[in-house]
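Enquirer: need a 3D model of the sequence below.
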Amino acid sequence: MTEVFSFSYGPRLVSGVDAALDMGAMLPDGPVLFVTDANMRALGLCDAPISALEATGRAVVIFDAVEADPSEATVLAAVAAGQGAAGRRAESVVGFGGGSPMDVAKVAAYLLGSGDAIDAIYGVGLATGQRLPLVLVPTTAGTGSEATPISIITVGDAQKKGIVAPALYADWALLDANLTLGLPPAVTAATGIDAMVHAIEAYTSARLKNPLSDALAREALAMLAANIRVAVKDGANVAARRAMLLGSHLAGVAFANAPVAGVHALAYPLGGQFHVPHGLSNALMLPHVLRHNMASAMDLYAELGPLVDPKLAALGRQAQAQGLIEALVAIASDCGLPDTLGAVGVHGDDLDRLASDAMLQTRLLVNNPCAITREDARRLYEAAL
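Expert: This next block holds a predicted model:
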């Protein structure tokens, strides 16, 4: 851990019932581009927030064509909607939903405000212009996208690219646990594991790890581990849903400052090539990457172990570190997630292509506690089959 560090808390936060109904007070006058997906519309979750915005006299331009693993074409379509494709140029942007709508909203707000070309901003620190005012409202407890300056976009057929820059931080993040009550158990489980991975990888990141990110990562992991099983088995438990949503946000703030690493690097090709949901991809690769990292990260894993399973507190450090992995595997199993790549359609002859794609994730691999070579990546995918 470096003695000199910087830290950003990201957006201003409002947490509470019906928080999403107050977003009008956080946006400038003028039309609003409301970015979401068709499922959010079908469930009716957008209706009250959109009505509340319209009640302020604002025109609301709704873009609900965001898909899982959103494509560059989708981002550009959202920008076109905000530029006045419906006759109204947006003055602000709202991202409402899971990680995909929020990621699209962040990039759309930036492109609309800056006038930059999307090709010019892939990478770290390349988006240096001014975005439109932006409010993000998560409806899943997992991605933490509302807390981060990161958007992940699918380019071409399968490659995922990141846009990482302070300009992508939202002005406001609104946490309303009631919006997560309708999540199916499988989505709750996968997104919850995703948030736990954010906390673990932030805490063990080889770059930019610092006392503030550590404190948030520890608090997030403890909160998520204590509540994920309840949230999956009793989806109407508001207290558990609230804890998961806040834990996800805290993990997001942590990894926005101390970036994620090998688990994500190996998870992204599964989403790009096989359209495996991001949280599930992380869950499938998590134990294998942690075992690979053990020699370098054992002491840190030992510190996290009792946060996930308090019984580990009485054991030695090696047992605590091994116990962390076992506890995470048990959580995924108890929550009903598959535990092999074969269960999501991956076969042995896919491993070389996955390993090659993983090596493209240099932004993430550099943060891992130890090196992951192409041969390592293939071996880890094979272990997960």
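Enquirer: for Ala120, grab the count of nearby residues.
Expert: Using other Cβ atoms under 10 Å, Ala120 has 12 other residues around it. (Each C-beta comes from the backbone N, C-alpha and C, glycine too.)
Enquirer: that one - nearest residue in space that isn't next to it in sequence?
Expert: Leaving aside its chain neighbours, Ala120 sits nearest to Leu126 (6.5 Å; criterion: Cβ to Cβ, 6 or more residues apart in numbering).
Enquirer: number of nearby residues for the one you found?
Expert: For Leu126, the count of nearby residues is 14 (other Cβ under 10 Å).
Enquirer: phi, psi for the residue nearest the centre of the chain please.
Expert: The chain has Thr143 as the residue nearest its centroid, 2.3 Å off, counting by Cα atoms, centre = their mean. Thr143 has phi and psi values of phi -70, psi -30 when expressed as degrees, to the nearest 10.
Enquirer: any idea how far Thr148 is from Leu21?
Expert: Going from Thr148 to Leu21 by Cβ to Cβ, to the nearest Å gives 24 Å.
Enquirer: more crowded one of these two?
Expert: With neighbours defined as other Cβ under 10 Å, Thr148 and Leu21 compare such that Thr148 has more, 32 against 16.
Enquirer: hang on, the more buried one packs against Phe255?
Expert: Yes - Thr148 lies in contact with Phe255 (Cβ atoms under 8 Å); the separation is 6.9 Å.
Enquirer: mind listing the strands for the stretch 151-300 of the chain?
Expert: 159-164, 172-175 (DSSP state E, counting those that start in this stretch).
Enquirer: how many other residues sit next to the nearest residue to Gly142 once chain neighbours are set aside?
Expert: Spatial nearest neighbour of Gly142, excluding adjacent residues (Cβ to Cβ, 6+ apart): Thr191 at 2.5 Å. Thr191 has 31 neighbours, counted by other Cβ under 10 Å.
Enquirer: kindly report the same for Leu175.
Expert: Residues contacting Leu175 under the criterion other Cβ under 10 Å number 23.
Enquirer: and what of Gly235?
Expert: So Gly235, with other Cβ under 10 Å, has 17 neighbours.
Enquirer: is it true that it touches Leu181?
Expert: Yes - with contact defined as Cβ under 8 Å, Gly235 reaches Leu181; the gap is 6.4 Å.
Enquirer: okay, stretch 266-285 in PDB with CA atoms only?
Expert: Extracted C-alpha coordinates of stretch 266-285, given in PDB (Å, rounded to 0.1, in the frame of the first residue of the first chain):
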ATOM      1  CA  LEU A 266     -11.200 -13.800 -17.400                       C
ATOM      2  CA  ALA A 267     -14.900 -13.100 -16.900                       C
ATOM      3  CA  TYR A 268     -15.200 -10.600 -19.800                       C
ATOM      4  CA  PRO A 269     -14.500 -13.000 -22.600                       C
ATOM      5  CA  LEU A 270     -17.300 -15.300 -21.300                       C
ATOM      6  CA  GLY A 271     -19.700 -12.400 -21.600                       C
ATOM      7  CA  GLY A 272     -18.400 -11.300 -25.000                       C
ATOM      8  CA  GLN A 273     -18.200 -14.700 -26.600                       C
ATOM      9  CA  PHE A 274     -21.000 -16.600 -24.800                       C
ATOM     10  CA  HIS A 275     -23.200 -13.900 -23.500                       C
ATOM     11  CA  VAL A 276     -22.900 -15.200 -20.000                       C
ATOM     12  CA  PRO A 277     -24.200 -12.500 -17.600                       C
ATOM     13  CA  HIS A 278     -21.400 -10.600 -16.100                       C
ATOM     14  CA  GLY A 279     -22.100 -11.500 -12.500                       C
ATOM     15  CA  LEU A 280     -22.300 -15.200 -13.300                       C
ATOM     16  CA  SER A 281     -19.000 -15.000 -15.300                       C
ATOM     17  CA  ASN A 282     -17.300 -13.600 -12.200                       C
ATOM     18  CA  ALA A 283     -18.800 -16.200 -10.000                       C
ATOM     19  CA  LEU A 284     -17.600 -19.000 -12.300                       C
ATOM     20  CA  MET A 285     -14.000 -17.700 -12.400                       C
END
